[in-house]
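S.K.: Sequence first, predicted model second:
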Amino acid sequence: MKKGFTLIELLAVIIILAVIALIATPITIKIIDESRRSAYTSSVWRISDAAESYYAKSMINDGYVIDEENNLFDIVTDGMTGEKPQSGEIYINNKGQVSLALVYNKTCFIKDYGSSTLIESKDIENCKRLYIDATVNGAIPELDDGMIPVVYENGIVKKANIREEWYNYSNKEWANAVLVTDATRNTYKNAEAGTTIQMKDILAFYVWIPRYRYQIFTDTNHITNLGVISGPEAYVNVAHLIDVVFENKDISKSNGTAVGEWLTHPAFTFGTEELNGIWVGKFETTGNASNPTILPTDTRYSQTSSITSLRSQNVSAQFTTSKKLNYGTTKDAAMLKNSEWGVVAYLTASIYGQETTEVMINNSKIYNTGCAATAAATKGYGTYDKMTQTNHTEGPYAGCENEWYTTQGIKASTTGNIYGIYDMNGGSWEYVMGVMEDATDSGVPTTGRHNLYNSGFTGKLTCPTCDATTSGVDASIISITGVAFPESKYYDLYKYGTESTGYYQSNQGRIIRAKLGDATLELDNFAYWKDVDNNNRQHSGFYEDYALFVGSGYPWFFRGGNWADGAAAGVFAFAYTYGHANGGISFRSVLR
(Lines give C-alpha, C1' and ligand atoms only; values in the text may rest on other atoms or scores of the structure.)
Protein backbone atom coordinates (compact mmCIF):
# COMPACT_ATOMS: atom_id res chain seq x y z
CA MET A 1 0.00 0.00 0.00
CA LYS A 2 1.44 3.39 -1.02
CA LYS A 3 1.81 6.03 1.61
CA GLY A 4 1.96 9.79 0.93
CA PHE A 5 4.24 12.28 2.62
CA THR A 6 3.36 13.34 6.07
CA LEU A 7 2.83 17.00 6.83
CA ILE A 8 6.07 17.08 8.79
CA GLU A 9 7.99 15.61 5.85
CA LEU A 10 6.48 18.15 3.47
CA LEU A 11 7.35 20.98 5.80
CA ALA A 12 10.89 19.65 6.07
CA VAL A 13 11.23 19.58 2.28
CA ILE A 14 9.83 23.10 2.00
CA ILE A 15 12.23 24.37 4.66
CA ILE A 16 15.19 22.71 2.92
CA LEU A 17 14.19 24.24 -0.40
CA ALA A 18 13.78 27.64 1.26
CA VAL A 19 17.25 27.37 2.81
CA ILE A 20 18.74 26.40 -0.55
CA ALA A 21 16.97 29.36 -2.14
CA LEU A 22 18.26 31.71 0.56
CA ILE A 23 21.80 30.50 -0.07
CA ALA A 24 21.58 30.32 -3.84
CA THR A 25 19.75 33.58 -4.55
CA PRO A 26 22.47 35.97 -3.28
CA ILE A 27 25.10 33.89 -5.04
CA THR A 28 23.11 33.98 -8.27
CA ILE A 29 22.53 37.72 -7.94
CA LYS A 30 26.23 38.24 -7.26
CA ILE A 31 27.17 36.21 -10.33
CA ILE A 32 24.73 38.22 -12.45
CA ASP A 33 26.05 41.52 -11.05
CA GLU A 34 29.65 40.47 -11.67
CA SER A 35 28.76 39.46 -15.21
CA ARG A 36 27.11 42.82 -15.82
CA ARG A 37 30.06 44.67 -14.30
CA SER A 38 32.46 42.70 -16.48
CA ALA A 39 30.36 43.49 -19.55
CA TYR A 40 30.25 47.20 -18.68
CA THR A 41 34.01 47.23 -18.11
CA SER A 42 34.59 45.63 -21.50
CA SER A 43 32.27 48.21 -23.10
CA VAL A 44 34.21 51.08 -21.51
CA TRP A 45 37.48 49.76 -22.92
CA ARG A 46 35.87 49.28 -26.36
CA ILE A 47 34.70 52.89 -26.27
CA SER A 48 38.20 54.01 -25.27
CA ASP A 49 39.65 52.06 -28.20
CA ALA A 50 37.01 53.59 -30.50
CA ALA A 51 38.01 57.08 -29.38
CA GLU A 52 41.67 56.34 -30.15
CA SER A 53 40.66 55.03 -33.59
CA TYR A 54 38.59 58.16 -34.20
CA TYR A 55 41.63 60.30 -33.37
CA ALA A 56 43.91 58.27 -35.67
CA LYS A 57 41.48 58.36 -38.61
CA SER A 58 40.89 62.08 -38.16
CA MET A 59 44.63 62.75 -38.16
CA ILE A 60 45.09 60.78 -41.38
CA ASN A 61 42.04 62.08 -43.22
CA ASP A 62 41.59 65.60 -41.94
CA GLY A 63 44.85 66.61 -40.34
CA TYR A 64 42.87 66.72 -37.11
CA VAL A 65 43.66 69.66 -34.81
CA ILE A 66 43.01 68.46 -31.28
CA ASP A 67 40.75 70.40 -28.96
CA GLU A 68 41.30 68.91 -25.53
CA GLU A 69 38.15 70.61 -24.21
CA ASN A 70 35.85 69.07 -26.84
CA ASN A 71 33.58 66.36 -25.38
CA LEU A 72 33.44 63.61 -28.00
CA PHE A 73 30.85 61.43 -26.23
CA ASP A 74 28.14 61.71 -28.90
CA ILE A 75 30.58 61.30 -31.80
CA VAL A 76 32.35 58.23 -30.42
CA THR A 77 29.28 56.39 -29.11
CA ASP A 78 27.08 57.11 -32.12
CA GLY A 79 26.16 53.85 -33.83
CA MET A 80 28.01 51.66 -31.34
CA THR A 81 26.75 48.09 -30.94
CA GLY A 82 25.70 46.79 -27.55
CA GLU A 83 24.43 48.81 -24.62
CA LYS A 84 25.32 52.48 -24.82
CA PRO A 85 26.30 54.34 -21.63
CA GLN A 86 23.55 56.51 -20.20
CA SER A 87 25.80 59.59 -20.14
CA GLY A 88 29.42 60.57 -20.03
CA GLU A 89 32.45 62.51 -21.17
CA ILE A 90 35.15 61.50 -23.63
CA TYR A 91 38.22 63.66 -24.27
CA ILE A 92 41.39 63.14 -26.31
CA ASN A 93 44.68 64.95 -25.72
CA ASN A 94 47.29 65.90 -28.32
CA LYS A 95 49.03 62.53 -27.89
CA GLY A 96 45.89 60.63 -28.84
CA GLN A 97 45.33 59.47 -25.27
CA VAL A 98 41.78 59.12 -23.96
CA SER A 99 40.25 60.43 -20.75
CA LEU A 100 36.65 59.46 -20.05
CA ALA A 101 33.89 59.19 -17.47
CA LEU A 102 30.93 56.95 -18.43
CA VAL A 103 27.76 55.95 -16.58
CA TYR A 104 26.58 52.37 -16.95
CA ASN A 105 23.58 51.32 -14.86
CA LYS A 106 24.44 52.69 -11.38
CA THR A 107 28.21 52.91 -11.77
CA CYS A 108 30.53 55.67 -12.99
CA PHE A 109 33.63 54.36 -14.81
CA ILE A 110 36.56 56.80 -14.98
CA LYS A 111 39.77 56.47 -17.00
CA ASP A 112 42.58 59.01 -17.12
CA TYR A 113 44.94 59.89 -19.97
CA GLY A 114 47.49 57.13 -20.52
CA SER A 115 46.09 55.02 -17.69
CA SER A 116 45.40 51.30 -17.91
CA THR A 117 43.21 51.40 -14.80
CA LEU A 118 39.48 52.06 -14.46
CA ILE A 119 38.19 53.82 -11.36
CA GLU A 120 34.64 52.92 -10.34
CA SER A 121 32.31 55.17 -8.37
CA LYS A 122 28.67 54.96 -7.30
CA ASP A 123 28.35 58.76 -7.47
CA ILE A 124 26.70 58.82 -10.90
CA GLU A 125 25.34 62.33 -10.32
CA ASN A 126 28.91 63.67 -10.48
CA CYS A 127 30.38 61.32 -13.05
CA LYS A 128 33.15 63.48 -14.45
CA ARG A 129 36.67 62.81 -15.65
CA LEU A 130 39.51 63.31 -13.19
CA TYR A 131 40.85 66.71 -12.23
CA ILE A 132 44.15 67.41 -13.97
CA ASP A 133 46.66 70.03 -12.91
CA ALA A 134 48.11 71.23 -16.22
CA THR A 135 51.28 72.36 -14.42
CA VAL A 136 52.53 68.79 -14.00
CA ASN A 137 52.36 68.25 -17.76
CA GLY A 138 50.83 64.80 -17.66
CA ALA A 139 52.77 63.51 -14.63
CA ILE A 140 49.53 63.26 -12.68
CA PRO A 141 49.16 61.31 -9.41
CA GLU A 142 48.77 57.59 -10.02
CA LEU A 143 46.27 56.33 -7.47
CA ASP A 144 46.11 52.62 -6.83
CA ASP A 145 42.82 51.01 -5.83
CA GLY A 146 43.62 51.05 -2.09
CA MET A 147 44.82 54.65 -1.96
CA ILE A 148 42.48 57.34 -0.62
CA PRO A 149 43.25 60.82 -2.06
CA VAL A 150 43.00 63.50 0.63
CA VAL A 151 42.87 67.22 1.24
CA TYR A 152 43.15 69.10 4.53
CA GLU A 153 40.56 71.41 6.04
CA ASN A 154 41.82 73.24 9.13
CA GLY A 155 44.24 70.40 9.69
CA ILE A 156 41.55 67.71 9.38
CA VAL A 157 42.10 64.92 6.84
CA LYS A 158 39.25 64.76 4.32
CA LYS A 159 38.60 62.49 1.35
CA ALA A 160 39.34 64.48 -1.82
CA ASN A 161 37.02 64.89 -4.77
CA ILE A 162 39.27 63.70 -7.58
CA ARG A 163 37.04 65.41 -10.15
CA GLU A 164 37.77 68.80 -8.61
CA GLU A 165 41.01 70.52 -7.64
CA TRP A 166 42.62 68.47 -4.89
CA TYR A 167 46.24 69.36 -5.64
CA ASN A 168 47.88 72.36 -7.27
CA TYR A 169 51.65 72.34 -7.68
CA SER A 170 51.75 76.01 -8.74
CA ASN A 171 50.28 76.77 -5.31
CA LYS A 172 52.79 74.40 -3.67
CA GLU A 173 49.96 71.99 -2.82
CA TRP A 174 51.39 68.56 -3.60
CA ALA A 175 49.01 65.60 -4.05
CA ASN A 176 48.47 63.58 -0.85
CA ALA A 177 46.95 60.14 -0.27
CA VAL A 178 46.52 57.84 2.71
CA LEU A 179 46.39 54.10 3.26
CA VAL A 180 43.84 52.88 5.79
CA THR A 181 43.06 49.75 7.76
CA ASP A 182 41.57 46.67 6.14
CA ALA A 183 38.40 47.08 8.16
CA THR A 184 37.72 50.61 6.92
CA ARG A 185 39.17 50.58 3.40
CA ASN A 186 35.95 49.83 1.50
CA THR A 187 34.02 52.29 3.63
CA TYR A 188 36.35 55.14 2.71
CA LYS A 189 36.63 54.05 -0.91
CA ASN A 190 32.87 54.29 -1.25
CA ALA A 191 32.46 57.36 0.96
CA GLU A 192 31.52 60.73 -0.45
CA ALA A 193 34.14 63.38 -1.06
CA GLY A 194 34.57 65.53 2.02
CA THR A 195 34.25 62.60 4.42
CA THR A 196 36.63 62.93 7.37
CA ILE A 197 39.28 60.22 7.41
CA GLN A 198 39.69 59.30 11.06
CA MET A 199 43.29 59.35 12.25
CA LYS A 200 42.77 56.03 14.04
CA ASP A 201 42.03 54.43 10.65
CA ILE A 202 45.10 55.81 8.84
CA LEU A 203 48.17 53.61 8.46
CA ALA A 204 50.31 55.78 6.19
CA PHE A 205 50.47 59.19 4.52
CA TYR A 206 52.11 59.55 1.08
CA VAL A 207 52.93 62.54 -1.14
CA TRP A 208 53.23 62.48 -4.95
CA ILE A 209 56.47 63.72 -6.55
CA PRO A 210 55.75 64.26 -10.27
CA ARG A 211 58.37 63.47 -12.87
CA TYR A 212 60.49 66.48 -13.80
CA ARG A 213 63.68 67.65 -15.45
CA TYR A 214 65.94 70.23 -13.84
CA GLN A 215 68.64 72.57 -15.04
CA ILE A 216 72.05 71.42 -13.83
CA PHE A 217 73.52 74.15 -11.64
CA THR A 218 76.92 72.68 -10.71
CA ASP A 219 79.07 69.98 -12.25
CA THR A 220 82.52 68.53 -11.71
CA ASN A 221 84.14 71.45 -13.50
CA HIS A 222 82.45 74.12 -11.38
CA ILE A 223 83.05 72.94 -7.83
CA THR A 224 84.34 75.32 -5.18
CA ASN A 225 86.17 73.62 -2.33
CA LEU A 226 87.01 76.12 0.41
CA GLY A 227 88.95 73.54 2.41
CA VAL A 228 89.51 74.31 6.09
CA ILE A 229 87.91 77.50 7.36
CA SER A 230 87.82 78.97 10.85
CA GLY A 231 84.18 78.15 11.49
CA PRO A 232 80.62 78.83 10.42
CA GLU A 233 81.21 82.57 10.67
CA ALA A 234 83.47 82.28 7.59
CA TYR A 235 80.97 80.14 5.71
CA VAL A 236 79.16 81.44 2.60
CA ASN A 237 75.64 80.15 1.84
CA VAL A 238 75.10 79.66 -1.90
CA ALA A 239 71.68 77.99 -1.71
CA HIS A 240 69.58 79.13 -4.65
CA LEU A 241 66.43 78.41 -6.60
CA ILE A 242 66.57 75.24 -8.70
CA ASP A 243 64.87 75.37 -12.09
CA VAL A 244 62.38 72.52 -12.49
CA VAL A 245 60.01 71.66 -15.37
CA PHE A 246 57.47 68.87 -14.99
CA GLU A 247 57.20 66.30 -17.76
CA ASN A 248 55.62 62.90 -18.33
CA LYS A 249 57.36 59.70 -19.29
CA ASP A 250 56.21 59.96 -22.93
CA ILE A 251 58.36 63.07 -23.39
CA SER A 252 61.90 62.38 -24.57
CA LYS A 253 64.31 62.34 -21.66
CA SER A 254 66.78 65.17 -21.18
CA ASN A 255 70.30 63.83 -20.73
CA GLY A 256 72.36 66.85 -19.77
CA THR A 257 75.69 66.49 -18.00
CA ALA A 258 76.99 70.05 -17.72
CA VAL A 259 75.97 73.33 -16.10
CA GLY A 260 73.04 74.95 -17.89
CA GLU A 261 71.88 71.72 -19.52
CA TRP A 262 68.65 69.95 -18.59
CA LEU A 263 68.51 66.51 -17.01
CA THR A 264 65.45 64.35 -16.43
CA HIS A 265 65.93 63.50 -12.80
CA PRO A 266 67.47 60.00 -12.52
CA ALA A 267 65.06 59.04 -9.71
CA PHE A 268 62.31 58.59 -12.31
CA THR A 269 64.17 55.75 -14.02
CA PHE A 270 63.56 52.57 -12.04
CA GLY A 271 65.67 49.85 -13.63
CA THR A 272 64.40 49.75 -17.22
CA GLU A 273 61.07 51.39 -16.33
CA GLU A 274 60.35 55.09 -16.74
CA LEU A 275 58.08 56.50 -14.03
CA ASN A 276 55.61 59.39 -14.11
CA GLY A 277 56.37 60.00 -10.44
CA ILE A 278 56.78 58.39 -7.04
CA TRP A 279 54.82 58.43 -3.80
CA VAL A 280 57.08 59.37 -0.88
CA GLY A 281 56.30 58.85 2.81
CA LYS A 282 55.04 62.14 4.27
CA PHE A 283 56.78 61.45 7.59
CA GLU A 284 59.60 59.27 8.81
CA THR A 285 58.53 55.66 9.25
CA THR A 286 56.76 54.97 12.54
CA GLY A 287 55.19 51.93 14.22
CA ASN A 288 57.23 48.75 14.52
CA ALA A 289 58.86 46.14 12.30
CA SER A 290 55.73 43.98 12.20
CA ASN A 291 53.24 46.80 11.71
CA PRO A 292 55.03 49.86 10.31
CA THR A 293 53.14 53.10 9.80
CA ILE A 294 53.79 56.62 8.49
CA LEU A 295 52.12 58.96 10.96
CA PRO A 296 52.68 62.31 12.68
CA THR A 297 52.45 63.19 16.33
CA ASP A 298 49.01 64.72 16.79
CA THR A 299 47.75 65.29 20.33
CA ARG A 300 44.19 65.94 19.11
CA TYR A 301 43.82 62.16 18.96
CA SER A 302 44.77 59.70 21.69
CA GLN A 303 46.19 57.20 19.18
CA THR A 304 48.78 59.68 17.87
CA SER A 305 49.56 61.75 20.96
CA SER A 306 53.28 60.88 20.89
CA ILE A 307 54.28 59.12 17.69
CA THR A 308 58.01 58.48 17.31
CA SER A 309 60.08 57.35 14.36
CA LEU A 310 60.99 53.68 13.94
CA ARG A 311 64.72 53.36 14.65
CA SER A 312 67.30 50.83 15.83
CA GLN A 313 67.12 48.64 12.70
CA ASN A 314 70.01 47.94 10.37
CA VAL A 315 69.49 48.75 6.69
CA SER A 316 68.45 45.25 5.64
CA ALA A 317 65.79 45.18 8.38
CA GLN A 318 64.61 48.65 7.35
CA PHE A 319 64.31 47.56 3.74
CA THR A 320 62.32 44.48 4.76
CA THR A 321 60.05 46.64 6.93
CA SER A 322 59.51 49.19 4.15
CA LYS A 323 58.14 46.47 1.84
CA LYS A 324 55.08 46.21 4.12
CA LEU A 325 54.06 49.84 3.70
CA ASN A 326 51.71 49.33 0.73
CA TYR A 327 48.64 48.31 2.73
CA GLY A 328 45.71 47.47 0.46
CA THR A 329 47.48 48.43 -2.78
CA THR A 330 49.39 46.69 -5.55
CA LYS A 331 52.09 49.36 -5.45
CA ASP A 332 55.70 48.28 -4.93
CA ALA A 333 56.74 49.62 -1.53
CA ALA A 334 60.43 49.94 -0.72
CA MET A 335 62.96 52.08 1.10
CA LEU A 336 63.82 55.51 -0.31
CA LYS A 337 66.98 55.62 -2.44
CA ASN A 338 69.61 58.36 -2.20
CA SER A 339 68.57 59.71 -5.61
CA GLU A 340 64.94 59.78 -4.46
CA TRP A 341 65.92 61.87 -1.45
CA GLY A 342 67.58 64.17 -3.97
CA VAL A 343 64.46 64.41 -6.14
CA VAL A 344 62.47 65.66 -3.14
CA ALA A 345 65.25 68.04 -2.09
CA TYR A 346 65.46 69.68 -5.53
CA LEU A 347 61.68 70.07 -5.78
CA THR A 348 61.75 71.66 -2.32
CA ALA A 349 64.26 74.24 -3.58
CA SER A 350 62.16 75.05 -6.66
CA ILE A 351 59.23 77.41 -7.16
CA TYR A 352 57.00 74.47 -6.26
CA GLY A 353 58.47 74.15 -2.75
CA GLN A 354 60.01 76.36 -0.09
CA GLU A 355 62.33 77.91 -2.71
CA THR A 356 65.32 79.47 -0.88
CA THR A 357 63.73 79.36 2.56
CA GLU A 358 65.23 76.56 4.64
CA VAL A 359 62.78 73.96 5.90
CA MET A 360 62.38 74.33 9.69
CA ILE A 361 64.16 71.76 11.83
CA ASN A 362 62.27 69.02 13.68
CA ASN A 363 63.87 69.60 17.08
CA SER A 364 62.11 66.81 19.00
CA LYS A 365 64.78 65.10 21.05
CA ILE A 366 62.43 62.19 21.73
CA TYR A 367 62.03 61.66 17.95
CA ASN A 368 58.39 62.70 17.58
CA THR A 369 57.45 62.89 13.90
CA GLY A 370 55.86 65.80 12.03
CA CYS A 371 57.18 68.46 14.42
CA ALA A 372 58.73 71.91 13.97
CA ALA A 373 60.86 74.16 16.12
CA THR A 374 59.70 77.67 16.91
CA ALA A 375 63.14 79.18 16.36
CA ALA A 376 65.46 78.20 13.51
CA ALA A 377 68.72 76.52 14.48
CA THR A 378 71.78 78.77 14.27
CA LYS A 379 74.20 76.61 16.27
CA GLY A 380 75.69 73.31 15.25
CA TYR A 381 76.39 69.98 16.91
CA GLY A 382 78.08 70.23 20.31
CA THR A 383 76.28 73.47 21.05
CA TYR A 384 72.70 73.11 19.79
CA ASP A 385 72.18 69.72 21.42
CA LYS A 386 73.21 71.11 24.81
CA MET A 387 70.96 74.17 24.65
CA THR A 388 68.10 74.44 27.12
CA GLN A 389 64.91 76.00 25.84
CA THR A 390 62.98 78.68 27.66
CA ASN A 391 59.69 79.97 26.29
CA HIS A 392 60.10 78.51 22.79
CA THR A 393 63.58 79.84 22.10
CA GLU A 394 66.29 78.12 20.06
CA GLY A 395 67.16 74.57 20.99
CA PRO A 396 65.91 70.98 21.28
CA TYR A 397 62.47 70.26 22.70
CA ALA A 398 61.39 67.35 24.90
CA GLY A 399 58.33 66.50 22.83
CA CYS A 400 56.67 68.01 19.77
CA GLU A 401 57.05 71.78 20.00
CA ASN A 402 54.75 72.57 17.07
CA GLU A 403 52.60 69.85 15.49
CA TRP A 404 52.34 69.29 11.75
CA TYR A 405 49.00 71.04 11.14
CA THR A 406 49.71 74.23 13.11
CA THR A 407 50.75 77.60 11.68
CA GLN A 408 54.32 77.03 12.87
CA GLY A 409 54.32 73.28 12.28
CA ILE A 410 53.82 73.59 8.52
CA LYS A 411 57.16 75.41 8.27
CA ALA A 412 58.81 72.00 8.71
CA SER A 413 57.19 70.86 5.47
CA THR A 414 58.95 70.92 2.10
CA THR A 415 56.24 73.26 0.78
CA GLY A 416 55.76 75.52 3.79
CA ASN A 417 52.17 74.28 3.99
CA ILE A 418 50.44 71.11 5.13
CA TYR A 419 50.67 69.45 1.69
CA GLY A 420 54.43 68.86 1.76
CA ILE A 421 56.79 66.26 3.25
CA TYR A 422 58.02 66.47 6.86
CA ASP A 423 61.00 65.36 8.97
CA MET A 424 63.56 66.01 6.23
CA ASN A 425 65.42 68.49 8.46
CA GLY A 426 66.26 67.00 11.83
CA GLY A 427 64.20 64.48 13.73
CA SER A 428 66.14 61.29 13.05
CA TRP A 429 68.91 60.73 10.58
CA GLU A 430 67.44 58.61 7.77
CA TYR A 431 69.18 55.74 6.06
CA VAL A 432 68.69 55.68 2.30
CA MET A 433 69.43 52.93 -0.19
CA GLY A 434 72.72 54.45 -1.27
CA VAL A 435 75.85 52.34 -0.76
CA MET A 436 79.43 52.04 -1.98
CA GLU A 437 80.79 49.07 -3.93
CA ASP A 438 82.97 46.62 -2.01
CA ALA A 439 86.14 47.14 -4.07
CA THR A 440 87.36 49.27 -6.96
CA ASP A 441 85.11 48.73 -10.00
CA SER A 442 83.56 45.58 -8.53
CA GLY A 443 80.00 46.75 -9.16
CA VAL A 444 78.96 44.82 -6.05
CA PRO A 445 77.57 46.63 -2.98
CA THR A 446 79.33 46.22 0.35
CA THR A 447 77.43 45.20 3.45
CA GLY A 448 79.31 47.52 5.82
CA ARG A 449 82.40 48.30 7.85
CA HIS A 450 83.18 45.13 9.88
CA ASN A 451 81.41 42.22 11.55
CA LEU A 452 79.78 44.42 14.21
CA TYR A 453 78.89 47.46 12.10
CA ASN A 454 77.14 46.39 8.92
CA SER A 455 73.77 46.46 7.17
CA GLY A 456 72.87 42.79 7.58
CA PHE A 457 72.89 42.25 3.82
CA THR A 458 75.06 39.48 2.45
CA GLY A 459 78.35 40.90 1.21
CA LYS A 460 81.95 41.81 1.78
CA LEU A 461 83.13 44.17 4.50
CA THR A 462 85.17 47.22 3.52
CA CYS A 463 87.18 47.62 6.71
CA PRO A 464 87.20 44.36 8.70
CA THR A 465 90.29 45.46 10.64
CA CYS A 466 88.83 48.82 11.72
CA ASP A 467 88.16 49.19 15.45
CA ALA A 468 90.20 46.03 16.04
CA THR A 469 90.51 46.78 19.77
CA THR A 470 86.73 47.06 20.17
CA SER A 471 85.17 44.11 21.94
CA GLY A 472 83.46 41.78 19.48
CA VAL A 473 85.26 42.97 16.36
CA ASP A 474 86.81 40.02 14.54
CA ALA A 475 89.26 41.14 11.84
CA SER A 476 89.29 37.63 10.33
CA ILE A 477 85.66 38.02 9.20
CA ILE A 478 85.78 39.61 5.77
CA SER A 479 82.19 39.04 4.67
CA ILE A 480 78.70 38.61 6.09
CA THR A 481 76.03 36.08 5.16
CA GLY A 482 72.67 37.63 5.86
CA VAL A 483 69.75 38.98 3.87
CA ALA A 484 70.27 38.98 0.09
CA PHE A 485 70.54 42.42 -1.49
CA PRO A 486 67.48 43.32 -3.56
CA GLU A 487 67.68 43.92 -7.30
CA SER A 488 70.05 46.74 -8.22
CA LYS A 489 67.17 49.05 -9.15
CA TYR A 490 66.34 49.32 -5.44
CA TYR A 491 69.62 51.00 -4.48
CA ASP A 492 72.10 53.58 -5.78
CA LEU A 493 75.60 52.15 -6.07
CA TYR A 494 78.64 54.42 -5.67
CA LYS A 495 82.22 53.85 -6.73
CA TYR A 496 84.69 52.61 -4.16
CA GLY A 497 86.86 55.16 -2.37
CA THR A 498 89.09 55.31 0.66
CA GLU A 499 88.83 57.88 3.46
CA SER A 500 91.64 60.01 2.02
CA THR A 501 89.82 60.50 -1.28
CA GLY A 502 86.27 59.79 -0.27
CA TYR A 503 85.49 62.92 1.73
CA TYR A 504 84.92 66.35 0.27
CA GLN A 505 88.32 67.49 1.58
CA SER A 506 89.50 66.30 -1.82
CA ASN A 507 87.78 66.91 -5.15
CA GLN A 508 88.92 63.50 -6.33
CA GLY A 509 86.31 61.54 -4.41
CA ARG A 510 83.51 63.81 -5.52
CA ILE A 511 84.39 63.98 -9.21
CA ILE A 512 84.84 60.24 -9.57
CA ARG A 513 82.03 59.00 -7.38
CA ALA A 514 79.19 61.48 -6.83
CA LYS A 515 76.05 61.51 -8.98
CA LEU A 516 73.98 64.24 -10.53
CA GLY A 517 70.56 64.63 -8.95
CA ASP A 518 71.24 63.01 -5.58
CA ALA A 519 71.91 66.32 -3.79
CA THR A 520 75.56 65.58 -3.04
CA LEU A 521 77.62 66.63 -6.07
CA GLU A 522 75.87 69.88 -6.97
CA LEU A 523 75.79 71.67 -3.62
CA ASP A 524 79.12 73.55 -4.06
CA ASN A 525 81.12 75.75 -1.65
CA PHE A 526 82.28 72.77 0.37
CA ALA A 527 84.19 73.61 3.52
CA TYR A 528 84.98 72.03 6.83
CA TRP A 529 85.65 73.31 10.32
CA LYS A 530 85.97 72.01 13.86
CA ASP A 531 82.80 71.69 15.88
CA VAL A 532 83.00 72.33 19.61
CA ASP A 533 83.65 68.61 20.19
CA ASN A 534 86.94 69.18 18.29
CA ASN A 535 85.98 67.04 15.30
CA ASN A 536 86.29 68.33 11.74
CA ARG A 537 83.05 68.00 9.78
CA GLN A 538 82.43 68.88 6.16
CA HIS A 539 79.59 71.22 5.15
CA SER A 540 78.11 72.22 1.79
CA GLY A 541 77.08 75.55 0.35
CA PHE A 542 73.41 74.83 0.99
CA TYR A 543 72.54 76.13 4.48
CA GLU A 544 75.85 74.78 5.92
CA ASP A 545 74.29 71.30 5.96
CA TYR A 546 76.60 68.34 6.60
CA ALA A 547 78.38 67.02 3.50
CA LEU A 548 80.28 63.81 4.28
CA PHE A 549 80.67 61.38 1.41
CA VAL A 550 80.88 57.60 1.77
CA GLY A 551 84.29 55.95 2.09
CA SER A 552 85.71 52.51 2.73
CA GLY A 553 85.04 52.53 6.48
CA TYR A 554 81.71 54.32 6.16
CA PRO A 555 79.98 52.93 3.06
CA TRP A 556 76.28 53.83 3.64
CA PHE A 557 74.56 57.19 3.17
CA PHE A 558 72.14 58.68 5.63
CA ARG A 559 70.31 61.98 5.15
CA GLY A 560 68.67 64.95 6.80
CA GLY A 561 70.57 65.19 10.07
CA ASN A 562 69.46 64.62 13.62
CA TRP A 563 67.61 66.97 16.00
CA ALA A 564 70.95 67.37 17.83
CA ASP A 565 72.80 68.62 14.74
CA GLY A 566 71.09 71.99 14.73
CA ALA A 567 72.16 74.22 11.85
CA ALA A 568 74.10 71.39 10.18
CA ALA A 569 70.93 69.31 9.75
CA GLY A 570 68.72 69.97 6.75
CA VAL A 571 67.08 68.72 3.58
CA PHE A 572 70.49 68.87 1.86
CA ALA A 573 72.47 67.21 4.66
CA PHE A 574 74.22 63.95 3.86
CA ALA A 575 76.77 61.87 5.71
CA TYR A 576 78.34 58.45 5.89
CA THR A 577 77.93 55.59 8.33
CA TYR A 578 78.06 51.79 8.57
CA GLY A 579 74.55 50.51 7.82
CA HIS A 580 74.16 49.20 11.38
CA ALA A 581 71.22 49.56 13.77
CA ASN A 582 71.32 52.84 15.65
CA GLY A 583 68.89 54.54 18.02
CA GLY A 584 69.15 57.81 16.12
CA ILE A 585 68.56 56.54 12.57
CA SER A 586 65.19 55.95 10.91
CA PHE A 587 64.16 55.62 7.23
CA ARG A 588 61.44 56.56 4.75
CA SER A 589 59.23 54.56 2.42
CA VAL A 590 58.41 55.04 -1.26
CA LEU A 591 55.66 53.64 -3.48
CA ARG A 592 56.35 53.11 -7.18
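M.R.: Structure's in. What do you need? This structure is a prediction, so every number in the text was calculated from the model and none was measured.

S.K.: For the rest of this, base every contact and every neighbour count on C-alpha atoms.
M.R.: OK.

S.K.: quick check: domain ranges of this protein?
M.R.: Domain ranges of the chain: 36-130, 430-582, per automatic domain parsing.

S.K.: do you know how far the nearest residue to residue 205 once chain neighbours are set aside is from residue 347?
M.R.: Distance criterion Cα to Cα, 6 or more residues apart in numbering; nearest residue to residue 205, sequence neighbours excluded, is residue 178 at 4.5 Å. From residue 178 over to residue 347 the distance is 21 Å, taken as Cα to Cα, to the nearest Å.

S.K.: ok, now residue 95?
M.R.: Separation of residue 95 from residue 347 (Cα to Cα) stands at 27 Å.

S.K.: who has more neighbours, the two?
M.R.: Taking other Cα atoms under 10 Å, residue 95 and residue 347 do not tie; residue 347 has more neighbours (24 against 12).

S.K.: for the more buried one, helix, strand, or coil?
M.R.: helix (DSSP: H, G, I helix; E, B strand; the rest coil).

S.K.: and the most centrally placed residue in the chain, what pLDDT?
M.R.: Central residue of the chain (Cα atoms, centre = their mean): residue 280, 0.9 Å from the mean position. Looking at residue 280, its pLDDT stands at 98.

S.K.: Quick check: closest non-adjacent residue to it.
M.R.: Take residue 280 and drop its neighbours on the chain: the residue closest to it by Cα to Cα, 6+ apart is residue 590, 4.5 Å away.

S.K.: got it, and residue 90?
M.R.: residue 100 (4.4 Å).

S.K.: Pull out the buried positions in stretch 168-183.
M.R.: Neighbour counts over stretch 168-183 (16 or more other Cα atoms under 10 Å) mark 168, 169, 172, 173, 174, 175, 176, 177, 178, 179, 180, 181 as buried.

S.K.: quick one: which of the residues you listed is nearest to residue 11?
M.R.: For the buried residues of stretch 168-183, the minimum distance to residue 11 (Cα to Cα) is 45.9 Å, reached by residue 181.

S.K.: before we move on, back to that, the residue nearest to the centre of the chain belongs to a strand?
M.R.: Yes - assessed with three-state DSSP, residue 280 lies in a strand.

S.K.: can you list the weak-confidence ranges in the protein?
M.R.: By pLDDT under 70, the weakly predicted segments of the chain are 1-5, 24-35, 62-68, 222, 499-512.

S.K.: Please repeat the previous calculation with a cut-off of 50.
M.R.: Within the chain, the set of residues satisfying pLDDT under 50 comprises 500-508.

S.K.: State which helix of it is the longest.
M.R.: Criterion DSSP state H: the longest helix present in the chain is helix 7-62.

S.K.: Check which element follows that one along the chain.
M.R.: helix 73-77 (DSSP states H and E).

S.K.: roughly how far out does that next one sit from the chain middle?
M.R.: Centre-to-centre, helix 73-77 and its host chain are 39 Å apart (Cα atoms, centre = their mean, to the nearest Å).

S.K.: So which bits of the helix or strand following it are buried?
M.R.: Toward the C-terminal end, the helix or strand that comes next after helix 73-77 (DSSP H and E) is strand 87-92. Residues 88, 89, 90, 91, 92 are the ones in strand 87-92 that count as buried (16+ other Cα under 10 Å).
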